[in-house]
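*Asks:* Show me the folded form of this:
(one chain, ligands or ions: 2)
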Amino acid sequence: MIFGLQFMENPFMRRALELATLGRGRVSPNPMVGCVIVHDRKGEIDIPFARIIGEGWHQRYGEAHAERNAILSVRSQDAHLLPESTAYVTLEPCSHYGKQPPCADLLIERAVGRVVCCNDDPNPLVAGQGFARLRAAGIQVETGVMNEMGRQLNARFFTFFEKKRPYIILKWAETSDGFIGGEGAQPVKISGELAHRLVHRWRGEEDGIMVGTNTARNDNPRLNTRLWPGKNPVRIVWDRNLTLPADLHVFDGSQPTIVYHQRLKERNGESVVEQKADSTLFPPSYSIAQSLNNTLQDLHLQGIQSVLVEGGASLLQSFLDEGVWDEMRVFRSPRMLGNGIKAPIVQGRLVSRKQVGEDELSIYQPN
Ligand code: AOF
Ligand code: ZN
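*Replies:* Numbering: from 1, shown residues only. Ligands and ions are numbered 1, 2, ... in the order given. Down below sits the predicted model:
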């Protein structure tokens, strides 16, 4: 067998991974999953004769899973080939009734010959039971194929279940002389238009977006995706002493908003934002580190799998100090400020660098 080895590139799995990405921004909190069904003559992979007879991906939260869409795409004249076919699925087929019935049962019902996956599903509702069910029905199962690529694709989903906190992306823009903001309370423009638009695209890709008190007050951001088609993330505002004025954009009620604070009294006896937007109180005795950890725990409880942290400097620094971050995206602008608020010190391993309009974008991951 040439292509089934764990570390080798498998063209069908590569295709399944590619299909999975088509769900980006539309399936969260579910993982992105792709599936390719290959008629490969009883699992003996023989590329010249292998033929893709079905493809599918998880397109939208709450809707059909990848395996079901792939099975549905098989033409009726090919349906009899399923027992001689392999389903390449990027994630272990599910075994539970959620918004959708179990994919493992569907694969069994259609008597698919073999199932090959990248990763086991870390969701405790599945966690190995999908594979167990397939094996019990006599289906050959192989997992760990292109494992790393599968984990990268759903880094948010895996971080959420394995670390019991959201996947954290720290984002900021700094001037070429290392400042993230000016000296006064007035916001200063650092990155350019293209970077601005890209950030809106990123906002639509994450469940939550977080800012600290000073950024909410001084920049008065809307934290939505108005420059790019995409869903708005849940706004998360850290307002330790509940000092933020109620007329800020973040409190306009246009988007679900969560406020974390440490003050016992409610502002004017009323909750800060209606909707889902509650203020969650942490005891005033808590240190920043404890509050941050509690915030992350609470976000986990609320099912938020990823958070884009957009500043300011002290909130970003708290994440860095606590070592809780998964990605860092830094724009470097050609502008100079001369003085102001120093940008956090970059840590980690550079994974990519490219030009975005007039700014240079560098992406880092922890060492
Ligand atoms: C699969 N194929 O395409 C996806 C899976 O509420 P539900 O029914 O949509 O189930 C969501 C869970 O199912 C999700 O947390 C993850 O464990 C699994 N996702 N499984 O077999 C898919 N998207
Ligand atoms: Zn499923």
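*Asks:* Might one say that residue 82 is in contact with residue 74?
*Replies:* Yes - using C-beta atoms under 8 Å, residue 82 is in contact with residue 74, at 7.0 Å. Glycine gets a C-beta too; all of them are placed from N, C-alpha and C.
*Asks:* what do these two both touch?
*Replies:* Shared contacts of residue 82 and residue 74 (C-beta atoms under 8 Å, 6 or more residues apart in numbering): residue 37.
*Asks:* Which of the helices and strands in this protein ranks last by mean pLDDT?
*Replies:* In the chain, no helix or strand scores lower on mean pLDDT, DSSP states H and E than strand 279-281, which sits at a mean of 70.
*Asks:* any weak-confidence spans in the stretch 1-150 of the chain?
*Replies:* The model of the stretch 1-150 of the chain has pLDDT under 70 over residues 1-8, 42-48.
*Asks:* Kindly report the residues of it close to ligand 1.
*Replies:* Neighbours of ligand 1 within the stretch 1-150 of the chain, by C-beta under 6 Å from any ligand atom: 30-31, 33, 58, 65-67, 91, 93-94, 98-100, 103, 121, 123, 126.
*Asks:* now, which of those lie close to ligand 2?
*Replies:* 65, 94, 103 (C-beta under 5 Å from the ion).
*Asks:* Let me see the contact set for the second one.
*Replies:* The neighbourhood of residue 94, defined by C-beta under 8 Å, 6+ apart, consists of 65, 100, 102-104, 121, 123, 125-126, 130.
*Asks:* you'd agree it is in a strand?
*Replies:* No - with DSSP: H, G, I helix; E, B strand; the rest coil as the criterion, residue 94 is assigned coil and is not in a strand.
*Asks:* now it: how far from residue 365?
*Replies:* 29 Å (C-beta to C-beta, to the nearest Å).
*Asks:* before we move on, back to that, please check the contacts of residue 94 and keep the buried ones.
*Replies:* 65, 100, 102-104, 121, 123, 126, 130 (16 or more other C-beta atoms under 10 Å).
*Asks:* Does the residue of the chain most remote from its centre belong to a helix, a strand or coil?
*Replies:* Going by C-alpha atoms, centre = their mean, the residue of the chain most distant from its centre is residue 77, 38.5 Å out. With three-state DSSP as the basis, the three-state label of residue 77 is helix.
*Asks:* any idea how far it lies from ligand 2?
*Replies:* Look at residue 77 and ligand 2: by C-beta to the ion, to the nearest Å, they are 26 Å apart.
*Asks:* Same question for residue 50.
*Replies:* 24 Å.
*Asks:* Surely that residue is in contact with residue 38?
*Replies:* Yes - Residue 50 lies in contact with residue 38 (C-beta under 8 Å); the separation is 5.2 Å.
*Asks:* Looking at these two, which is more packed in?
*Replies:* Of the pair residue 50 and residue 38, residue 38 is the one with more neighbours under other C-beta atoms under 10 Å, namely 26 against 18.
*Asks:* Wait, a helix at that one?
*Replies:* No - under three-state DSSP, residue 38 falls outside any helix and is assigned strand.
*Asks:* Please shift the residue numbers so they start at 29 in all later answers.
*Replies:* Renumbered: residue one is now 29, and that last one reads residue 66.
*Asks:* give the contact list for it.
*Replies:* Applying C-beta under 8 Å, 6+ apart, the residues near residue 66 are 40, 78-81, 113-114, 116.
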